[in-house]
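A.B. asks: next come a sequence and a model predicted from it.
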Amino acid sequence: MGKGKVKTYCSQQKLLVKSQIGKLLTSIQYIRARFSLPMKFKSFLAKPFASYTNAKIRKGMSTALSDQDAILKELLKVGKTTEFGKEHGLEKLTTYEEFKKAVPVRDYEGFKPYIEKIKEGKHNILWRGLPLYLAKTSGTTSGVKYIPISKDSISNHLNTARNALLCYMAETGNTSFADGKMIFLSGSPELERVGGIPTGRLSGIVNHHVPSYLRSNQLPSYETNCVDDWESKLDKIVDETINQDMTLISGIPPWVQMYFDRLTERSGKKIKDIFPNFSVLVHGGVNFEPYRARIIESIGKRIDTIETFPASEGFFAFQDSQKEEGLLLNTNSGIFFEFVPASQIFNENPTRVSLHDVKVGENYALVINNNAGLWGYNIGDTVKFLSVNPYRLVVTGRTKHFISAFGEHVIGEEVEQSLLRAAEEDNVHITEFTVAPMIQQGQGKSYHEWFVEFENEPPNLESFSMKVDHNLRHKNIYYDDLISGNILQPLQIRVIRKNGFIDYMKSVGKLGGQNKVPRLSNDRKIADELIKWTKSSIIKH
């Protein structure tokens, strides 16, 4: 048999396997409904599929660079036929170096003129045809953003979440959670039409693509998911789940914690006693570490966690192993990645590198090009590689969430680690926090002002704040220079009363959903509002 025939035969066999798995799942769903057979067929079927998918992902680790090169080539092939492609001469480009010269780095503001044309129903603007969906998301500077999701890119959002679970199953052997109830704390699945395109929150869009064989496992109900008011929705979620066999829970950590708190208030029990078979927590959206201790305490036992890195623009990375640190970059899913040294992201012509030239330990702003028509798009997140074989990274913060009022350029990773180390030493749990500069106009030196809500306060708040300051000085040499040079005084802490951050988010209409409190601000817009919810005076050294 010739090479061409062998390749065709192998492709046919893969399609046949996928088809048979789908038919088998549908058949089992019917048989179970007809004869009331147990749900354990799902976990039984998951084992071989998890093994197959995990092996495929392991193999992909060794082809990451060639996969990225092939994706750029394919993106240019399609992109050259679009309005954007013609304006930027994509048909002439053959190399990454040429691409960088032709396509500048932009944020959402730079794409707005193209998005507006798409919203008017115009075709072939950023990608072929019209987007399949527009993901509606809130921007800190752009107001509401509309991110295109194409027929080509939707699989990136759906398959990556699935792959994270399948890798976990293959590594740990835990497939039993597939037999129980699963909850995904998300936005409303109700969609509107903009320019004829279904439009809504990403989590709501994805909700429409949950496979039929998992629908019977999924909670909350569609009706409850459509409730807009977060607290009313949360009460309904508790009503629907408190007596169910919940095995997997997924959501942004602060809202998962609110769900757990409400369950405990209602029952007087730890989560492990309410849901004895709960074994997997899937989280993303913000760094889990500041929330880990309190969430585990609420559960009452340690369970496995799976971290993900999704956004409306794409599903970028996921935790593929319980044994390895960091998230595996999604190198073969329709996204060509670029990386800009974080300190240069706002430069007119920043340094840009592909995956070929990234370095371990350097803080990069993440720039993407995807098969929905985003080109040189700065998503606003910063990452740091822990390894390049395979390509695993951690999310270190947001490009616009930093403090550099005095030239220190303190980033999210540094404040989180500084606070957590002090919290561990004093055995305290942090509920939420944010940091802003306090620029003194008259007498006295300026400082960083920290707003912290504690689950249990440290025995000595002054000592605790000194530990945090010491840790931050150790993390950031520029901050250390400003303190030692008497330009800044050590950081100061305002204690936020219990549920103060929740009340603040409620007051600005951002309670629940995918909304998060920024860790850092370069102004005092959030800080001045939070003063209303302080518990005590500033803690000074």
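C.D. replies: Nice, thanks for sending it over. Residues are numbered from 1 along each chain as shown.

A.B. asks: biggest strand in the protein by residues?
C.D. replies: The single longest strand within the chain, with elements called by DSSP state E, is strand 377-388.

A.B. asks: what does that strand contact?
C.D. replies: Contact partners of strand 377-388, identified using Cβ atoms under 8 Å, 6 or more residues apart in numbering, comprise 105-107, 111, 311, 313, 325-326, 339-340, 342, 345, 358-370, 391-400, 411-413. No exception for glycine: its C-beta is placed from N, CA and C like everyone else's.

A.B. asks: ok, how many other residues are close to the closest residue to residue 472 other than its chain neighbours?
C.D. replies: Nearest residue to residue 472 in three dimensions, chain neighbours excluded: residue 418, at 4.2 Å (Cβ to Cβ, 6 or more residues apart in numbering). Per other Cβ atoms under 10 Å, the neighbour tally for residue 418 reads 25.

A.B. asks: does residue 418 touch residue 466 like I think?
C.D. replies: No: counting by Cβ atoms under 8 Å, residue 466 is not a contact partner of residue 418; they are 11.6 Å apart.

A.B. asks: next, the closest residue to residue 339 other than its chain neighbours: secondary structure please.
C.D. replies: Distances taken as Cβ to Cβ, 6+ apart put residue 364 closest to residue 339, at 3.9 Å, once the chain neighbours are dropped. Counting by DSSP: H, G, I helix; E, B strand; the rest coil, the backbone at residue 364 sits in strand.

A.B. asks: the one 4 residues further on too?
C.D. replies: Using three-state DSSP, the structure places residue 368 in strand.

A.B. asks: pull out the buried positions in stretch 407-417.
C.D. replies: Using 16 or more other Cβ atoms under 10 Å as the test for burial, stretch 407-417 gives 408-417.

A.B. asks: what residues does residue 426 make contact with?
C.D. replies: Contacts of residue 426 were listed using Cβ under 8 Å, 6+ apart, and they are 458-460, 463-464, 467.

A.B. asks: now the contacts of strand 377-388: which count as buried?
C.D. replies: Buried among the contacts of strand 377-388 by 16+ other Cβ under 10 Å: 105-107, 111, 311, 313, 326, 339-340, 342, 345, 358, 363-370, 391-400, 411-413.

A.B. asks: out of those, which sit inside strands?
C.D. replies: Checking the buried ones among the contacts of strand 377-388 against DSSP E, those in strands are 311, 339-340, 363-370, 391-398, 411.

A.B. asks: show me the shaky parts of the stretch 301-450 of the chain.
C.D. replies: 441-443 (pLDDT under 70).

A.B. asks: so which residues of it form helices?
C.D. replies: For the stretch 301-450 of the chain, the helices defined by DSSP state H, counting those that start in this stretch cover 412-426.

A.B. asks: now do the stretch 101-250 of the chain
C.D. replies: 108-119, 154-172, 202-207, 212-215, 222-225, 230-241.

A.B. asks: return the distance of the last one from the chain's centre.
C.D. replies: What that stands for is helix 230-241. 23 Å (Cα atoms, centre = their mean, to the nearest Å).

A.B. asks: one more: the third one?
C.D. replies: A distance of 14 Å separates the C-alpha centroid of helix 202-207 from that of its chain, computed with Cα atoms, centre = their mean.

A.B. asks: helices and strands around that helix, which ones?
C.D. replies: strand 133-139, strand 143-149, helix 154-172 (3 or more Cβ pairs under 8 Å, 6 or more residues apart in numbering; DSSP states H and E).

A.B. asks: how about CSV for these, with distance to residue 493 added?
C.D. replies: Below are the helices and strands packed on helix 202-207 laid out as CSV (distance: least, Cβ to Cβ, whole Å):
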stretch, distance to residue 493
strand 133-139, 29
strand 143-149, 32
helix 154-172, 36
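
A.B. asks: compare those and give me the one nearest residue 516.
C.D. replies: Closest to residue 516 of the helices and strands packed on helix 202-207 is strand 133-139 (Cβ to Cβ; 10.1 Å).

A.B. asks: for residue 191, give its distance to residue 203.
C.D. replies: The gap separating residue 191 from residue 203 is 12 Å, by Cβ to Cβ, to the nearest Å.

A.B. asks: neighbour count for those two, which is higher?
C.D. replies: Ranked by neighbour count (other Cβ under 10 Å), residue 191 and residue 203 place residue 203 first, with 23 against 18.

A.B. asks: can you tell me the closest non-neighbouring residue to the more buried one?
C.D. replies: Using Cβ to Cβ, 6+ apart and skipping the chain neighbours, the partner closest in space to residue 203 is residue 186 (3.3 Å).

A.B. asks: got the contact list for the residue nearest to residue 472?
C.D. replies: 468, 471-472, 474-475.

A.B. asks: out of the residues you listed, list just those in helices.
C.D. replies: Among those, the members falling in helices (DSSP state H) are 468, 471-472, 474-475.

A.B. asks: if we can go back for a sec, list the buried ones in the longest strand of the chain?
C.D. replies: Buried residues in strand 377-388 (16+ other Cβ under 10 Å): 377-385, 388.

A.B. asks: list the contacts of stretch 486-500.
C.D. replies: Contacts to stretch 486-500, defined as Cβ under 8 Å, 6+ apart, come from residues 406, 408, 431-432, 435, 438, 444-454, 457, 461, 464-466, 468-469, 472, 479, 482-483, 530-531, 533-541.

A.B. asks: show me what contacts residue 63?
C.D. replies: Residues near residue 63 by Cβ under 8 Å, 6+ apart: residue 332.

A.B. asks: now do it, the pLDDT please.
C.D. replies: Looking at residue 63, its pLDDT stands at 97.

A.B. asks: what's the answer for residue 14, then?
C.D. replies: At residue 14, the model reports a pLDDT of 45.

A.B. asks: below-threshold pLDDT in the protein: ranges please.
C.D. replies: Counting by pLDDT under 70, the chain shows low-confidence ranges at 1-42, 44, 138-143, 211-215, 441-443, 512-514, 536-541.

A.B. asks: any idea what the closest residue to residue 192 other than its chain neighbours is bridged to?
C.D. replies: Once flanking residues are discounted, residue 192 sits nearest to residue 199: 5.3 Å by Cβ to Cβ, 6+ apart. Counting by DSSP bridges, residue 199 is bridged to residue 134, residue 192.

A.B. asks: any idea how far residue 313 is from residue 199?
C.D. replies: Counting by Cβ to Cβ - residue 199 and residue 313 are separated by 15 Å.

A.B. asks: also residue 425?
C.D. replies: 38 Å.

A.B. asks: quick one: contacts for residue 220?
C.D. replies: 183, 236-237, 240-241 are the contacts of residue 220 under Cβ under 8 Å, 6+ apart.

A.B. asks: setting aside sequence neighbours, what's the nearest residue to residue 359?
C.D. replies: Nearest to residue 359 is residue 385, by Cβ to Cβ, 6+ apart, at 7.1 Å.

A.B. asks: for the one you found, give the beta-bridge partners.
C.D. replies: Judged by DSSP bridges, the bridge partners of residue 385 are residue 360, residue 393.

A.B. asks: contacts only, for the residue nearest to residue 339.
C.D. replies: Contacts of residue 364 (Cβ under 8 Å, 6+ apart): 339-342, 358, 382-385.

A.B. asks: need the residues you listed in CSV with distance to residue 153, can you?
C.D. replies: Listed next are the contacts of residue 364 as CSV, based on distance: Cβ to Cβ, whole Å:
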residue, distance to residue 153
339, 20
340, 22
341, 27
342, 26
358, 23
382, 23
383, 20
384, 26
385, 24
